[in-house]
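A.B. asks: Prediction below, plus the sequence it came from.
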Amino acid sequence: MSMEEIKSNPSSRKHGDDILPNIHKVASPPKQTLFQDFKHNFNETFFSDDPFAKFKNQTVSRKFVLGLQSVFPIFDWGRGYNLKSFKGDLIAGLTIASLCIPQDIAYASLAHLDPHYGLYTSFVAPLVYAFMGSSRDIAIGPVAVVSLLLGTLLTDEISDYKSPEYLRLLFTATFFAGITQMALGILRLGFLIDFLSHAAIVGFMGGAAITIALQQLKGLLGIKHFTTKTDIISVMKSVFSAAHHGWNWETILIGVSFLAFLLTTKYIAKKNKKLFWVAAISPMICVIVSTFCVYITRADKKGVAIVKYIKRRVNPVSASDIYFSGNYLSAGIRIGVIAGMVALTEAVAIGRTFAAMKDYSIDGNREMVALGTMNVIGSMTSCYVATGSFSRSAVNYMAGCKTAVSNIVMSFVLLLTLLLITPLFKYTPNAVLASIIIAAVLNLIDIKAAILLWKIDKFDFLACMGAFFGVVFHSVEIGLLIAVAISFAKILLQVTRPRTVVLGKLSGTTVYRNILQYPKAEQIPGMLIVRVDSAIYFSNSNYIKERILKWLTDEEILRTSREYPSIQYLIVEMSPVTDIDTSGIHAFEDLLKSLKKRDVQLLVANPGPIVIEKLHASKISDLIGEDKIFLTVGDAVATFGPKGADL
């Protein structure tokens with residue numbers, strides 16, 4: 001809503017014997033009906049990107065094509081696809097496939113699943129996303145954090161993860177994770193995931209990485225009896241209690257050796273970006289070499305745990321296994337919503353990161369529909385929750401991917417793997433899978449980001465550490481809960497306790513600024529200028545009123561002690577005040593009454609269009625006085641301040 005052009009008042013106003021410059025009056029915006037106001041707010045909230053603009057003035061057939069392209073972006077960018085692009089996508093797809101196969105087998109264990117379920121997920125989900133997603137760089141599949149989250153939440157409901165009920169609950173959770181994501185996209189509620197702050201995500205991911213790495217000590221050390229809890233105290237107790245009789249030195253040798261190899265290749269790739277492929281193929285090299293070594297030495301006979309047989313087939317249909325009634329339905333919905341939101345947050349963050357690097361935009365709501373659809377389809381084809389993987393997406397980007405076709409290439413490689421070579425993984429040692437997971441999750445610990453949070457915002461750092469320690473010392477879900485709680489607490493704190501600052505005039509100018517930021521800014525004798533840096537709502541209106549009165553009291557004491565003139569005028573600078581509700585109006589009425597008792601007059605400077613409209617509608621402008629509402633602080637000072645104060 002735009003404000004009408006402000007016209008200067010042709011009549012001059014007098015202050016003593018001096019002629020004041022023209023004082024501009026605050027104009028009211030065009031009157032809006034209730035329907036117009038509601039329509040504007042609704043569109044700004046849900047359709048700020050105007051997604052239907054491209055359909056205007058189009059033929060029916062053209063609208064159908066545009067609609068098809070909106071749901072399936074591949075039909076849009078696919079028209080200009082060429083052999084050069086396919087070359088880049090083919091190399092990228094093969095590269096990320098070599099990375100994802102060992103990762104999928106390993107991540108499935110985090111969710112207490114047989115290895116082939118991880119491979120199933122990387123076959124179906126990327127294929128669906130390639131047709132519906134808008135990101136060119138994101139690589140889809142199981143991820144460590146979501147896998148651990150599912151494994152933890154599901155075992156809280158069904159401790160026997162070998163039972164058919166466990167699998168059914170997994171598919172149910174995956175289905176409702178997809179439904180949650182689809183609903184957020186269709187209803188255009190994607191802004192809800194922004195409530196989980198960057199600081200909370202940094203802490204949550206770091207804590208999850210530590211937890212996941214600690215869980216891998218079971219496979220890395222060859223421990224057979226291990227705690228089902230994920231907190232650091234329980235895990236370390238389980239590790240050290242098995243030190244004398246439960247550790248297997250052959251397993252430790254295998255795990256530590258290949259972990260050192262993986263970390264070395266990651267270091268090489270980090271130092272030389274052109275050698276990214278070294279780190280990308282190193283997990284597959286580890287699997288091949290370790291499997292061959294175990295097979296020829298028969299180390300599995302000496303206590304080295306192996307993957308054992310992986311079924312060689314494509315995804316069986318699992319739609320009939322989803323719970324749509326019964327005792328586990330509510331648990332499936334709850335777990336699905338949590339996992340869906342975490343997966344969505346990670347995918348959108350990754351998609352936005354790489355889109356910014358390549359200077360293109362992604363449609364957040366379209367992404368949610370695509371991710372939701374792929375998880376719904378996945379739940380019906382023996383897959384579990386998939387999302388964007390940062391490590392795979394980074395490799396995809398570095399390998400030169402051009403479009404989402406790289407996901408299709410990866411999907412077909414997984415199909416060939418499922419049909420032909422899964423039995424070859426039979427002798428793959430669990431210690432190597434543990435080392436692959438540890439090497440992968442170390443990227444989730446972002447120490448630099450935590451240090452930056454400390455430097456920039458201590459409250460953000462508190463949110464980060466709260467989420468981190470919640471995951472490490474209790475559980476993934478508690479850490480997530482703390483992350484969300486602290487994020488909301490920060491929002492509530494900022495809304496309920498907004499800043500109010502005292503302004504002073506910069507010498508030689510007509511500019512008024514915060515006296516704390518500009519100590520040399522001069523306050524006007526007999527006047528106090530306070531700026532409110534927030535909209536005024538029921539949640540903060542009383543605080544703002546009390547804070548203004550406190551500023552007035554403190555300044556009165558200070559000025560009296562220095563024998564300065566007492567304050568006769570309070571100017572409230574309202575340019576940052578974007579809105580005001582009825583509670584805010586009542587707070588202004590109370591402020592006027594308090595000021596009247598102190599013999600201080602209220603002046604208002606630069607109220608915005610919505611604010612001035614509500615001041616007029618509530619008649620509070622009459623109580624203040626139309627002659628005491630000004631366009632700028634300078635105008636208010638020029639009218640009621642001491643002679644020469646506005647110069």
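C.D. replies: That came through, no problem. Numbers count the residues shown, from 1 in each chain.
A.B. asks: which other residues reach stretch 249-257?
C.D. replies: For stretch 249-257, the external contacting residues (C-beta atoms under 8 Å, 6 or more residues apart in numbering) are 219-222, 290, 293-294, 299, 302-305, 429-432, 434-435. Quick note: C-beta positions are derived from backbone N, CA and C, even for glycine.
A.B. asks: and the residues you listed, which of them are in strands?
C.D. replies: Judged by DSSP state E, strands contain none of the contacts of stretch 249-257.
A.B. asks: For the stretch 451-600 of the chain, just list every one of the helices.
C.D. replies: 458-473, 476-496, 541-561, 582-597 (DSSP state H, counting those that start in this stretch).
A.B. asks: Checking my notes, Gly388 in a helix, right?
C.D. replies: No. Secondary structure of Gly388, determined by DSSP: H, G, I helix; E, B strand; the rest coil: strand, with no helix assignment.
A.B. asks: what about Val511, how many residues close to it?
C.D. replies: Each residue near Val511 was counted by other C-beta atoms under 10 Å, and the total is 14.
A.B. asks: Now for the residue lying closest to it once chain neighbours are set aside, how many residues are close by?
C.D. replies: Nearest residue to Val511 in three dimensions, chain neighbours excluded: Lys505, at 7.2 Å (C-beta to C-beta, 6 or more residues apart in numbering). A count of nearby residues for Lys505, using other C-beta under 10 Å, gives 24.
A.B. asks: bridging residues for Lys505?
C.D. replies: Beta bridges link Lys505 to Tyr512, Glu522 when assigned by DSSP bridges.
A.B. asks: do you know how far it is from Leu570?
C.D. replies: Going from Lys505 to Leu570 by C-beta to C-beta, to the nearest Å gives 16 Å.
A.B. asks: Sketch out the low-pLDDT regions of this protein for me.
C.D. replies: Applying pLDDT under 70 to the chain flags residues 1-24, 28-29, 32-34, 36-38, 40-50, 194-195, 644-647.
A.B. asks: longest single helix anywhere in it?
C.D. replies: Criterion DSSP state H: the longest helix present in the chain is helix 329-358.
A.B. asks: What's the first helix or strand after that one?
C.D. replies: Sequence order places helix 364-379 as the next helix or strand after helix 329-358, per DSSP states H and E.
A.B. asks: I'd guessed Asp231 sits against His474; true?
C.D. replies: Yes. Applying C-beta atoms under 8 Å, one finds Asp231 in contact with His474, separated by 5.5 Å.
A.B. asks: shared neighbours of the two, anything?
C.D. replies: By C-beta under 8 Å, 6+ apart, no residue touches both Asp231 and His474.
A.B. asks: Who's the closest spatial neighbour of Ile567, skipping the chain neighbours?
C.D. replies: Nearest residue to Ile567, sequence neighbours excluded (C-beta to C-beta, 6+ apart): Leu528, at 5.0 Å.
A.B. asks: Next: Thr228.
C.D. replies: Using C-beta to C-beta, 6+ apart, the closest residue to Thr228 is Thr155 (6.2 Å).
A.B. asks: who touches the one you found in this structure?
C.D. replies: Under the criterion of C-beta under 8 Å, 6+ apart, the neighbours of Thr155 are 112, 161, 166, 228.
A.B. asks: can you count the residues close to Gly88?
C.D. replies: When neighbours are counted by other C-beta under 10 Å, Gly88 comes out with 16.
A.B. asks: in the helix or strand containing it, what's buried?
C.D. replies: Using DSSP H and E, Gly88 sits in helix 83-110. For helix 83-110, a neighbour-count test (16 or more other C-beta atoms under 10 Å) marks 85-86, 88-110 as buried.
A.B. asks: C-alpha coordinates for the next helix or strand after that helix, PDB please?
C.D. replies: Counting by DSSP H and E, the element after helix 83-110 in chain order, helix or strand, is helix 115-132. Extracted as PDB, the C-alpha positions of helix 115-132 are listed here (Å, rounded to 0.1, in the frame of the first residue of the first chain):
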ATOM      1  CA  PRO A 115      21.300 -52.200   4.000                       C
ATOM      2  CA  HIS A 116      19.100 -52.600   1.000                       C
ATOM      3  CA  TYR A 117      16.500 -50.100   2.300                       C
ATOM      4  CA  GLY A 118      19.100 -47.400   2.100                       C
ATOM      5  CA  LEU A 119      19.800 -48.400  -1.500                       C
ATOM      6  CA  TYR A 120      16.100 -48.500  -2.300                       C
ATOM      7  CA  THR A 121      15.700 -45.000  -1.000                       C
ATOM      8  CA  SER A 122      18.500 -43.700  -3.300                       C
ATOM      9  CA  PHE A 123      16.900 -45.400  -6.300                       C
ATOM     10  CA  VAL A 124      13.300 -44.100  -6.000                       C
ATOM     11  CA  ALA A 125      13.600 -40.700  -4.300                       C
ATOM     12  CA  PRO A 126      16.100 -39.000  -6.700                       C
ATOM     13  CA  LEU A 127      14.100 -40.200  -9.700                       C
ATOM     14  CA  VAL A 128      10.900 -38.500  -8.400                       C
ATOM     15  CA  TYR A 129      12.800 -35.400  -7.400                       C
ATOM     16  CA  ALA A 130      14.500 -35.000 -10.800                       C
ATOM     17  CA  PHE A 131      11.000 -34.500 -12.400                       C
ATOM     18  CA  MET A 132       9.500 -32.300  -9.700                       C
END
